[in-house]
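K.L.:
Predicted model follows, preceded by the sequence.
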Amino acid sequence: MAVRYELIKTCKQSGARLGKLHTPHGTIDTPVFMPVGTQATVKSMSPEEVKELGAQIILSNTYHLFLRPGHELVQQAGGLHSFMNWDRAILTDSGGFQVFSLSENRKITEEGVQFRSHLNGDKLFISPEKAMEIQNALGSDIMMAFDECPPYPAEYEYIKASTERTSRWAERCLKSHNRPEDQALFGIVQGGMHEELRRQSAADLTSLDFPGYAIGGLSVGEPKDIMFRVLDFTVPFLPQHKPRYLMGVGSPDALLEGAIRGIDMFDCVLPTRIARNGTVMTSQGRLVIRNAKYMNDFTPLDPNCDCYTCKNYTRAYIRHLHKADEIFGVRLTTYHNLYFLVQLMKRVRQAIMEDRLLDFRDEFFDQYGLHDN
Ligand SMILES: CCCSCc1cc(N)cc2c(=O)[nH]c(N)nc12
Ligand SMILES: [Zn+2]
């Protein structure tokens, strides 16, 4: 079996679970935060640094690699693991979400999605079968079914029709999956913010018996309290003994609230994206390193962090690098932000082991600040 989820323990204080996800490229401790490497690289990090900061799995993107350099080229290189020299686990998204967030002139039909490349305007088409072909060529350990993530907000009727089509697409993905022993295919539950549609989507997908389930259609601009409410009624529709992946979620508060609600896997571009403009997550909340108040601040980004950046460099130096547009500055803030989230999930797993995740959340927010975004 390509991926096997081992449920180790459920937190007595919350709905959180401690688990292990066994894959052909190593075991992943869950709940886990997965760094995003959209174009076959976690931006500005070497694979050695991504390992050193503690990542056991990274994400990459069907849409981007299909457009450039092309999935056939990656296949000629022996697949994504050898192409990017990453020998741990890889999860690839299926491309539908990126078509809608990046490309122009999209046309969605039962067959699939027609769109123009955001790089050169070429007319392209992705169907469930094409998304599977691309992910097969990339050789990811976990593939995502081809889905539509409806815009937020959207009319109930649109979301209903879209969710029903996503269920039909999921079945087509399963039918065209020709390497189930090497690559696990996860279904993606949709349904917008509607409990009945979420129930129906989960029922459709669990009847197809996927090895894992993602909750899509969230982190699309809805208020966080709505996202958490949707999780409250959606997670119970999913099987206990399989992993649950909340797509596109990665701020510290959302990771904690998601883990408390029984989510096992998270991903988000947030830590790498904000690092590029010098915004840093610390145990006392966020700081923007370009701020003049750090000019003569010869302390680490985070006094409670033992990462390479915090052990060797000061706020003053990192501020200087960002003000001077020095690439090394982005590398230092990226390394720290990724380390911060990977370590946060390590502390979450420890709190689950000790049946005290709600207490840990309260302690974390007392320091971090209640409303991170
Ligand atoms: C590398 C990026 C992975 S997560 C992208 C993502 C993010 C969010 N927020 C939602 C969805 C979704 O509903 N479907 C799919 N396939 N992907 C989504
Ligand atoms: Zn640090």
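P.N.:
Structure received. Ligands and ions are numbered 1, 2, ... in the order given.

K.L.:
how distant is stretch 179-193 from the center of its chain?
P.N.:
Taking Cα atoms, centre = their mean, to the nearest Å, one finds the center of stretch 179-193 at 14 Å from the center of the full chain.

K.L.:
Dig out what the most centrally placed residue in the chain forms beta bridges with.
P.N.:
The chain has residue 267 as the residue nearest its centroid, 1.7 Å off, counting by Cα atoms, centre = their mean. Residue 267 has these beta-bridge partners by DSSP bridges: residue 34.

K.L.:
Let me know whether it touches residue 36 as I believe.
P.N.:
Yes. If you go by Cβ atoms under 8 Å, residue 267 and residue 36 touch, sitting 5.7 Å apart. C-beta here means a position set from N, CA and C on the backbone, and glycine is covered the same way.

K.L.:
shared neighbours, those two?
P.N.:
Here residue 267 and residue 36 have residue 59 as joint contacts, going by Cβ atoms under 8 Å, 6 or more residues apart in numbering.

K.L.:
tell me the SS of the residue of the chain positioned farthest from its centre?
P.N.:
Within the chain, residue 296 marks the point farthest from the mean C-alpha position, 36.1 Å out by Cα atoms, centre = their mean. Classification of residue 296 by DSSP: H, G, I helix; E, B strand; the rest coil places it in coil.

K.L.:
residue contacts, the closest residue to ligand 1 within the stretch 251-373 of the chain?
P.N.:
Proximity of the stretch 251-373 of the chain to ligand 1 (Cβ to the nearest ligand atom) peaks at residue 267, 5.1 Å away. The contact partners of residue 267, taken as Cβ under 8 Å, 6+ apart, are 33, 34, 35, 36, 59, 91, 245, 247, 248, 249, 250.

K.L.:
Repeat the analysis, applying 7 Å as the threshold.
P.N.:
Shown in contact with residue 267 (Cβ atoms under 7 Å, 6 or more residues apart in numbering): 34, 36, 59, 247, 248, 250.

K.L.:
residue contacts, the fourth one?
P.N.:
By Cβ under 7 Å, 6+ apart, the residues touching residue 247 are 214, 215, 216, 267.

K.L.:
now, among the residues you listed, which is nearest to ligand 2?
P.N.:
Checking the contacts of residue 247 against ligand 2 by Cβ to the ion gives residue 267 as the nearest, at 20.5 Å.

K.L.:
Can you name the residues of the stretch 251-373 of the chain sitting close to ligand 2?
P.N.:
305, 307, 309, 310, 336 (Cβ under 5 Å from the ion).

K.L.:
Next, the residue nearest to the second one when sequence neighbours are not counted: secondary structure please.
P.N.:
The shortest distance from residue 307 to any residue other than its chain neighbours is 4.0 Å, reached at residue 339 (Cβ to Cβ, 6 or more residues apart in numbering). Classification of residue 339 by three-state DSSP places it in helix.

K.L.:
Quickly note the distance from the nearest residue to the residue farthest from the centre of the chain once chain neighbours are set aside to residue 299.
P.N.:
Of all residues not flanking residue 296 in the chain, residue 316 sits nearest, at 6.0 Å (Cβ to Cβ, 6+ apart). Using Cβ to Cβ, to the nearest Å, residue 316 is found at 9 Å from residue 299.

K.L.:
likewise residue 334?
P.N.:
Counting by Cβ to Cβ, the gap from residue 334 to residue 299 is 20 Å.

K.L.:
Of these two, give the one with the bigger neighbour count.
P.N.:
residue 334 (26 against 11; other Cβ atoms under 10 Å).

K.L.:
can you pick the most crowded of the residues of the stretch 251-373 of the chain next to ligand 2?
P.N.:
That'd be residue 336 among those, by other Cβ under 10 Å, with 25 neighbours.

K.L.:
Let me see the contact set for it.
P.N.:
Residues near residue 336 by Cβ under 7 Å, 6+ apart: 280, 301, 305, 307, 309, 310.

K.L.:
10 Å - rerun?
P.N.:
For residue 336, the contact set (Cβ atoms under 10 Å, 6 or more residues apart in numbering) comprises 53, 271, 275, 280-282, 300-302, 305, 307-310, 313, 318.

K.L.:
Can you classify it as helix, strand or coil?
P.N.:
Classification of residue 336 using three-state DSSP returns helix.

K.L.:
Check whether the closest residue to it other than its chain neighbours sits in a helix, strand or coil.
P.N.:
Nearest-residue entry for residue 336: residue 309, 4.2 Å, with adjacent residues in sequence omitted and distances by Cβ to Cβ, 6+ apart. Assigned by three-state DSSP, the conformation of residue 309 is helix.

K.L.:
contacting residues for residue 309?
P.N.:
Counting by Cβ under 10 Å, 6+ apart, residue 309 has contacts 53, 280, 300-302, 318, 331-337, 339-340.

K.L.:
One more pass at 6 Å, please.
P.N.:
By Cβ atoms under 6 Å, 6 or more residues apart in numbering, the contact set of residue 309 is 332, 335, 336.

K.L.:
Would you agree the first one is in contact with residue 317?
P.N.:
Which is residue 332. No. With contacts defined as Cβ atoms under 6 Å, residue 332 does not count as touching residue 317, sitting 8.5 Å away.

K.L.:
For these two, indicate the residue with more neighbours.
P.N.:
residue 332 (27 against 17).

K.L.:
and that one, that one's in a strand?
P.N.:
No. Applying three-state DSSP, one finds residue 332 to be helix, outside a strand.
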